[in-house]
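Colleague: give me the fold of what follows.
(2 chains)
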There are 2 protein chains.
Amino acid sequence: MPLGEFDLIERYFTRRGMIRKDVVLGIGDDAAVLRMPPGMDLAVAIDTMVSGVHFFPDADPASIGHKILAVNLSDMAAMGAEPAWATLALALPHADESWLAAFSGGFFALAEQCDVQLVGGDTCRGPLTVTVQMHGFVPQGVALRRAGARPGDAIYVTGTLGDAGLALRMLRSGVEEQPHAHAAFLTERLDRPTPRIAAGMALRGIASAAIDVSDGLVADLGHILKASGVGARVEVEHVPVSPAFAVMARHKERWSLPLCGGDDYELCVTVPPEKQTQAEQILAGLACGYTRIGVIEDTPSLRCLLHGEAFEPTTGGYQHFGA
Amino acid sequence: MPLGEFDLIERYFTRRGMIRKDVVLGIGDDAAVLRMPPGMDLAVAIDTMVSGVHFFPDADPASIGHKILAVNLSDMAAMGAEPAWATLALALPHADESWLAAFSGGFFALAEQCDVQLVGGDTCRGPLTVTVQMHGFVPQGVALRRAGARPGDAIYVTGTLGDAGLALRMLRSGVEEQPHAHAAFLTERLDRPTPRIAAGMALRGIASAAIDVSDGLVADLGHILKASGVGARVEVEHVPVSPAFAVMARHKERWSLPLCGGDDYELCVTVPPEKQTQAEQILAGLACGYTRIGVIEDTPSLRCLLHGEAFEPTTGGYQHFGA
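Modeller: Numbers count the residues shown, from 1 in each chain, chains lettered A, B, ... in the order given. Below is the predicted model of the structure:
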C-alpha cells in the first residue's frame, strides 16, 4: 500500500537526526519554535535544486540529499555563520520509498556531521524539486559580507577550483563510465561538496569580504567587486587545482574551468594587509587548504593575468535565464 | 533581450517593499542577517505550491503571489506568532516578465499589509514551483501548539468554512464562467485567503491548542486531537458557512465541504472553560468572526453530530500521496 503524506513525513523526516537544545518545538506543528542564543544574529539562506536543471533525473538520491544541504551550509560559511537549523520543502512525482530512504540518508548524514537539526518542512506531489533553508548564528556585527573589500586586500580561495566543472563536463560527454580514481574524485567533488564552515567562522573579524564559489570564481568574485565598488587582479596560474584536475582536464579547460566552472563551493575571501599573516595562520590550520590568488585594486574591473599576460576567461558563470 | 537571473531578482524582488529595522542585511548577499527582539522565540514555517497541483497552470499570478505568502502567514497565525521576515524560492519555466510583475505585485501587496519584509530568495529555471518560508516572533513559552487540548475545552473556528472547497469544485465543473457575486466571493476566498494573524496573536495564553484549517476541519482538528491525546464532538449544524456558500452549495456538499474541504485558512482553536468568556470577548472584537462548534472529549475519536444524529463526513482531507 502506498504511503500517505503524513506517513512519509513521519517515517523519513520526523524524529530523525540530532536534537538541539535551542529547538523549543520541531517538526509536527504549524511552525517550528526556535530560541536564538543571546548576542547572536540569525543568518538565513535558501536554495533550490530542480531535477534536470541542477542534477540529472537519475542522480543518486543520497547525493542530492547531501548536496542541497551542503550548498546552503556553504552560504552559512560565506557569512561566517555557525549552522543550526534547516527546513526542507520537497516536491516528488510519487512517493518512492527507496528514493526517500536514500535522500534522507544523505541529508541526515551531513546534518549530523554539522550539528544541524531539521525543524520543519513541506512534502507535496510535483516535479522533483528540493528546497532547503538554512539558519545559522553569527555574533552581532561580524557577519562576513560581499561588500567590504578595499584596494590592497589580498584575495584567497580555499581548496581547489574547477573540479566540479570538470566532473560535469565528463558526465555530459559520457566519460564517467571509465573507472578511474581521478574521475571518481572529481565526481565526488561535484556530488558531495564540502561546505567550508570552519574557515568561514575562523575568518570572522579578519576577512573584509567573503562569498562562496557556486557560479564560478569570475562571477562570484565579481559579486564582491560590485558590492565593494572595487576591482581586482587575479593571477590565473595561482588559482589552485587538484591533482585529479591537472591530469584529467583538456588543454582548453585548464584555465577556463577553475575560473568559470561552478559548483565547487569553496570560499573566496579578501583580507586587508595587516591581517594577512593572521589569516594565513588560521587557514593553514584547517584541512581544506588555501591559496592567495590576487589582489583588490582601485579600478573597478576584474583583470585576469596568465604569467603576466591578459587572459580572457571564456564565460561569466551560469545564469538560469541567460541574458 | 531576455533578462538574466540577476536582473530578474533585481527588478522584481530586490529593494522592493518595506524595510524593517530588525533586518541587518537583506537580499543581495550569501545570506540575510536578521536580529531577533529580546525575549522572543522564532517561529518558522515553509510551504510550497506547485503548478497543476496547488493551482491551475493558467492561474492569475497575482493570486499565486498572494496565496503562497498567505498560507505561510496562516501558519504564523496558528502559532500566535507575529510575522516578520519571508524568503522566496521560485522555479520558473522561463523568465516571463509579465508573470513576474503580477506575481511580485500580489506578493508584496500582502507582505506590506502584514509588515513582512522579503529578506532572501533563490530564482531558477524549472517547472513552476513557489516556496515561501515565513519567520515570526512569539514571546518565549506562549506559542500556540496542536498539543494542549483537554476534555471540556470548547472548540472555536474563525470565519466561515467550505468557501474555498466550493470554489474549487465550481472551477473544476466550469461554473466559474457564470458572472455571479456569490461565485466571485467564493473564488476570492480560494485565491486570496486572509491569514487570521490578529486572532492568533490575541489568543496567546488563552487557547489551549490551535491549528489553521488548510486540509479541512476534520483532518486539521484531527491533528489537534492526535497531538493532545483526546477526542471531540462537533455539532455539524454549527459549523459556520458564508451566505454565498449557503446559496451556491449543492445539497450533498452542504455539510461535507465545511467539514472536509481544504484551503480556507481559518483558525481552529480550543479554549478551557475558565477562559471561554475572555476568548469570546477577544474574538468578538475582530473582523473575522468566530463560532463555537463543539467540545473536546475524553474518548480519543472525532464524533460529528448533525442535529443530534451521528454524521459521517465523506473524506478526511487532501493527501498528496493518498494512502
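Colleague: can you map out the helices along chain A?
Modeller: Assigned by DSSP state H, chain A shows helices spanning A:5-12, A:61-79, A:97-113, A:163-172, A:181-191, A:197-202, A:217-228, A:243-248, A:253-260, A:276-284.
Colleague: buried residues in the fourth one?
Modeller: With burial defined by 16 or more other CB atoms under 10 Å in any protein chain shown, the residues of helix A:163-172 counted as buried are A:163-171. For glycine as for every other residue, the C-beta is placed from the backbone atoms N, C-alpha and C.
Colleague: what's the mean pLDDT across that helix?
Modeller: In this model, helix A:163-172 has a mean pLDDT of 92.
Colleague: and if you look at the last one?
Modeller: Rounded to a whole number, the mean pLDDT of helix A:276-284 is 96.
Colleague: give me the contact list for that helix.
Modeller: A:154, A:156, A:158, A:199, A:202-203, A:206-207, A:269, A:271, A:289-290, A:292 (CB atoms under 8 Å, 6 or more residues apart in numbering or on different chains).
Colleague: restricted to strands, list those residues.
Modeller: Members of these lying in strands (criterion: DSSP state E): A:154, A:156, A:158, A:269, A:271, A:290, A:292.
Colleague: neighbour-wise, give me the winner out of these.
Modeller: When neighbours are counted by other CB atoms under 10 Å in any protein chain shown, A:V269 leads the ones in strands among the contacts of helix A:276-284 with 30 neighbours.
Colleague: just the pLDDT at it, thanks.
Modeller: Confidence score, pLDDT, at A:V269: 98.
Colleague: residues contacting it?
Modeller: A:144, A:155-157, A:203, A:207, A:209-210, A:279.
Colleague: that one and B:V24: what is the separation?
Modeller: 20 Å (CB to CB, to the nearest Å).
Colleague: with A:C268 instead?
Modeller: When distance is defined by CB to CB, A:C268 is 22 Å away from B:V24.
Colleague: ok, the two, which is more surrounded?
Modeller: The residue with more neighbours, out of A:C268 and B:V24, is A:C268; 23 against 18, by other CB under 10 Å.
Colleague: rewinding a little: would you turn the helices of chain A into CSV with distance to B:G39?
Modeller: Compiled in CSV, the helices of chain A are given as follows (distance: least, CB to CB, whole Å):
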stretch, distance to B:G39
helix A:5-12, 31
helix A:61-79, 25
helix A:97-113, 29
helix A:163-172, 44
helix A:181-191, 43
helix A:197-202, 27
helix A:217-228, 34
helix A:243-248, 52
helix A:253-260, 48
helix A:276-284, 36
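Colleague: out of these, deepest packed?
Modeller: For these, the largest average neighbour count (mean count of other CB atoms under 10 Å in any protein chain shown) is found in helix A:61-79, namely a mean of 26.
Colleague: can you spell out which helices and strands pack onto that one?
Modeller: strand A:40-50, strand A:82-92, helix A:97-113, strand A:129-139, helix A:181-191, helix A:197-202, strand A:209-213 (3 or more CB pairs under 8 Å, 6 or more residues apart in numbering or on different chains; DSSP states H and E).
Colleague: A:A210 pairs with what?
Modeller: With DSSP bridges as the criterion, the beta-bridge partners of A:A210 are A:V269.
Colleague: you'd agree it is up against A:E266?
Modeller: No: using CB atoms under 8 Å, A:A210 is not in contact with A:E266; the gap is 11.1 Å.
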